[in-house]
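In: How does the following fold in three dimensions:
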Amino acid sequence: MKLGERAVRPRRRPSEEPQAIDGQTRRLRTISRRAYGLAVVCAGMVIGGCIGLVAMNSAAETLLANGTRVPGMVVTTHNPVRGTPSMVVEYITGGRRHRAEIQRDSGRDYVPFEQVTVVYDPAESGRVRTLDEANDTGSRVVLGMALLVALVCVPFYLAGGAAWRRRHRAVLETGWREASVTVVPDYPVRRNRNSPDLYVSYEDGSTARLRGVPSLRGATRMRHEPGTPAWVGGTGENMVVVFERGRWLRAPYIVPVRVRPLAKYAFLG
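Out: Residues are numbered from 1 along each chain as shown. Just a heads-up that it's a prediction; the model follows:
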């Protein structure tokens with residue numbers, strides 16, 4: 001049997017009852033609200049990250065201005081292939097010899113026995129730096145990376161929330177139609193240069209060709225289930241396919257899609 005024939009003839013009707021598919025309509029609104037909520041969380045992380053960076057800069061500058069300065073000497077240097085370079089310095093306070101590892105982020109090169117000025121906090125022995133090295137112990141880099149990720153996620157989740165809201169409204173206007181759906185990914189699958197095509201055969205005999213949209217809820221995982229019973233709702237750029245069950249889970253699986261033109265629709269020919 002050809003793949004196209006399986007798409008035209010549904011294997012069975014979806015087992016969803018009207019109340020159940022109405023629940024999937026509500027899920028669209030929930031997905032939108034969840035995306036907006038994640039955008040708010042990421043925005044809070046951005047604000048918190050900025051405050052943290054400012055606080056770290058302030059602490060380093062405060063130590064430089066108010067800390068105790070003593071002569072010191074570089075004992076060893078570490079220049080890893082990955083990660084922040086560091087050095088171990090030795091200094092004397094109160095007749096005792098101390099050593100501290102200092103992260104180097106100034107770009108300067110040091111050699112053993114080089115003389116440096118060590119600045120430390122008498123009330124907190126762990127706070128040590130030099131005149132040129134703030135010694136952030138890598139926390140500034142980690143915080144900066146987290147801040148960057150959160151900053152990128154804010155518009156991503158805002159756009160996703162708006163898109164799911166439009167799909168929810170479109171489904172409220174059109175309702176759901178029972179169909180048989182076959183997913184054809186962009187070959188070779190591993191490249192995934194384009195989103196997969198979805199070939200739809202409705203209960204009344206009409207057909208449609210849809211295209212998946214970039215989303216965490218991709219349709220490619222359903223490529224091994226031709227002619228899968230599903231519900232289709234929405235119109236134009238704001239459409240949704242609800243598969244009766246996912247590839248591995250028994251729960252209904254929601255996929256965002258959009259209309260593709262019927263030109264060169266050789267699949268059902």
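In: and residue 131, how many neighbours?
Out: Residue 131 has 12 neighbouring residues, counting by other C-beta atoms under 10 Å. All C-beta atoms are positioned from the backbone trio N, CA, C, and that covers glycine.
In: Hmm, it is touching residue 116, no?
Out: Yes: assessed by C-beta atoms under 8 Å, residue 131 is found in contact with residue 116 at 7.4 Å.
In: Name the residues linked to residue 232 by a beta bridge.
Out: Judged by DSSP bridges, the bridge partners of residue 232 are residue 177, residue 241.
In: list the contacts for it?
Out: By C-beta atoms under 8 Å, 6 or more residues apart in numbering, the contact list for residue 232 reads 176, 177, 179, 181, 200, 202, 208, 210, 239, 240, 241, 242.
In: gap between the second one and residue 236?
Out: Spelled out, that is residue 177. Separation of residue 177 from residue 236 (C-beta to C-beta, to the nearest Å) stands at 15 Å.
In: what about these two, which has more around it?
Out: Set residue 177 next to residue 236 and count neighbours by other C-beta under 10 Å: residue 177 wins out with 15 against 9.
In: Quick check: that one touching residue 230?
Out: No: counting by C-beta under 8 Å, residue 177 stays clear of residue 230, with 9.5 Å between them.
In: And the buried ones among the contacts of residue 232, selectable in PyMOL?
Out: Burial among these is assessed by 16 or more other C-beta atoms under 10 Å; the matching PyMOL selection reads:
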select buried, resi 176+179+181+200+208+210+239+240+241+242
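In: Out of the contacts of residue 232, the closest to residue 97 would be?
Out: residue 240 (69.7 Å; C-beta to C-beta).
In: so who does residue 78 touch?
Out: Contacts of residue 78 by C-beta under 8 Å, 6+ apart are 85, 86, 87, 88.
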